[in-house]
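[1] just need the structure, nothing else, for what follows:
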Amino acid sequence: MRPNLNQLRVLSALLHTPNLTRVGEALHMTQSAVSKTLAQLRDDFQDPLLIRDGQRYLLTPRAEELKQALPEMMRQLEALYRPPAFDPAQCRRTFVFASSDYVAQFIYPLIAAEVARQAPGVTLRYRLWQREQVHQLADLPVDLVSTILEEEEVPANLCHWPGGEDGLAVVLHRGHPLAKGEFRLQSYLGSRHLLVSGGGDKDTPVDRYLATLGHRRQIWAEVPFFQAAVGILCHSDALLTTPLHIGVQLAENAPLTVRRLPFALPKQGYRMLWHQRLDHDPAHRWFRELAQPLLEGHLRSYVVKGMSIWNGRDD
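    Below you'll find the model as predicted:
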């Protein structure tokens, strides 16, 4: 026998109101449909269940047993189909968030503070993200990723939300000879460059573009984190090519300035990613809906600030 929730609803109604016409009216079914369902139930349970006695139906002993047991069983079965309720304040779950170290330093604290406010029982874990891990996300202990990725690059097994877009810029010391005045491609190529290797693919479009011209940058030094990059930029003549919003943020608390690239490149898209197995999970939905506006809002505000600085000084 295959359990059928709709048939069990009819059975429950018949056991409490053994009248085919009245049950049909209550369940918005024809008497013929109720009769056919009863026939199927009799076959499934191998028992007559309801025996006609004159103008009425009497319950068999098996039907009497079912009448007592079925209401609780029905409640449990129907509960399986109801979406689970979610209350952040009662949540006791660990979420793993992955991103670049820039997000970890400047935006992740905002996410953590909001999580702590709404869900004090939730635990957070952070993981440094690398772009090449996108095809491995199903096998990684990661709930949510913030990264640079175009929509067409997202694997089919991942869900995603757009998180805004930004173009690349050049960060350098305020006393650098290229901090003011004309800034051309040859000056860019003749400079030493600093590379931040940790947390994603932020400046590869530059190298791809230069390769089409037969050029390449001189990567003078490489560091894993942006904080280390700030220290080197402050004490050297190196250039750092990075998204505008990152450059503006770094320059707020260090003697750095941000200049336009001396050549045009398309903007890069940002995405929030998660595996599709988590898409309908209420707790995960709450977490991503909490994180997304903080991530996108931070990016947007610093892009606007950077463009305002450039427009103000005609950089």
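[2] buried ones in stretch 121-137?
    For stretch 121-137, the neighbour count (16 or more other C-beta atoms under 10 Å) marks 122, 124, 126-130, 133-134, 137 as buried. C-beta here means a position set from N, CA and C on the backbone, and glycine is covered the same way.
[3] where exactly do the strands run in the stretch 101-250 of the chain?
    123-128, 144-148, 158-166, 168-173, 192-196, 218-223, 239-243 (DSSP state E, counting those that start in this stretch).
[4] what's the span of stretch 261-278 from first residue to last?
    Start-to-end span of stretch 261-278 (C-alpha to C-alpha, to the nearest Å) is 39 Å.
[5] go on, stretch 40-57?
    17 Å.
[6] got a list of what residue 185 touches?
    Counting by C-beta atoms under 8 Å, 6 or more residues apart in numbering, residue 185 touches 262-263.
[7] quick one: mean pLDDT over stretch 305-314.
    Averaging pLDDT along stretch 305-314 gives 82.
[8] what comes into contact with that stretch?
    With contacts defined as C-beta under 8 Å, 6+ apart, stretch 305-314 is touched by 169, 244-245, 247-248, 258, 260, 315.
[9] and the furthest pair within the residues you listed?
    245 and 315 (15.7 Å; C-beta to C-beta).
[10] between those two, which one's more packed in?
    residue 245 (25 against 15; other C-beta atoms under 10 Å).
[11] and the end-to-end length of stretch 193-212?
    Start-to-end, stretch 193-212 (C-alpha to C-alpha) is 19 Å.
[12] okay, the contacts of stretch 305-314 in a markdown table with distance to residue 15 next?
    Output for the contacts of stretch 305-314, formatted as a markdown table (distance: C-beta to C-beta, whole Å):
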| residue | distance to residue 15 |
| --- | --- |
| 169 | 73 |
| 244 | 70 |
| 245 | 66 |
| 247 | 72 |
| 248 | 71 |
| 258 | 75 |
| 260 | 78 |
| 315 | 80 |
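[13] give the PyMOL command for selecting the buried subset of those.
    Filtering those down to the buried ones (16+ other C-beta under 10 Å) takes a single PyMOL command:
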select buried, resi 169+244+245+247+248+258
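[14] in helices, which of the contacts of stretch 305-314 fall?
    The helices, defined by DSSP state H, take in 244-245, 247-248 from the contacts of stretch 305-314.
[15] show me how the protein divides into domains.
    Domain assignment for the chain, taken from automatic domain parsing, gives 5-81, 89-166+269-308, 168-260.
[16] residue ranges with poor pLDDT in the chain?
    1-3, 199-203, 313-315 (pLDDT under 70).
[17] could I get the buried residue list for stretch 173-183?
    Within stretch 173-183, the residues that qualify as buried are 173, 176, 178-179, 183, counting by 16+ other C-beta under 10 Å.
[18] just these now: which is nearest residue 294?
    Using C-beta to C-beta, residue 173 comes nearest to residue 294 of these, at 30.5 Å.
[19] hmm, back to that, show me the one of the strands of the stretch 101-250 of the chain that comes nearest residue 53.
    Closest among the strands of the stretch 101-250 of the chain, using C-beta to C-beta: strand 158-166, at 58.7 Å.
[20] sheet-wise, list the partners of the closest one with their directions.
    Partners of strand 158-166 in the sheet, by DSSP bridges, are strand 268-275 (antiparallel).
[21] residue 293 and residue 299, how far apart?
    11 Å (C-beta to C-beta, to the nearest Å).
[22] who does residue 51 form a beta bridge with?
    Going by DSSP bridges, residue 51 forms beta bridges with residue 58.
[23] what about it, neighbour count?
    With neighbours defined by other C-beta under 10 Å, the count for residue 51 comes to 12.
[24] ditto for the one 5 residues further on
    Other residues within reach of residue 56 by the criterion other C-beta under 10 Å amount to 10.
[25] right, and it touches residue 18 too?
    Yes - counting by C-beta atoms under 8 Å, residue 18 is a contact partner of residue 56 at 7.0 Å.
[26] for the ones in helices among the contacts of stretch 305-314, which one is nearest residue 7?
    Closest to residue 7 out of the ones in helices among the contacts of stretch 305-314 is residue 245 (58.8 Å), distances taken as C-beta to C-beta.
[27] what about the closest residue to the closest one other than its chain neighbours, is that helix, strand or coil?
    Excluding its sequence neighbours, the residue lying closest to residue 245 (C-beta to C-beta, 6 or more residues apart in numbering) is residue 302, at 3.6 Å. Secondary structure, DSSP: H, G, I helix; E, B strand; the rest coil: residue 302 is helix.
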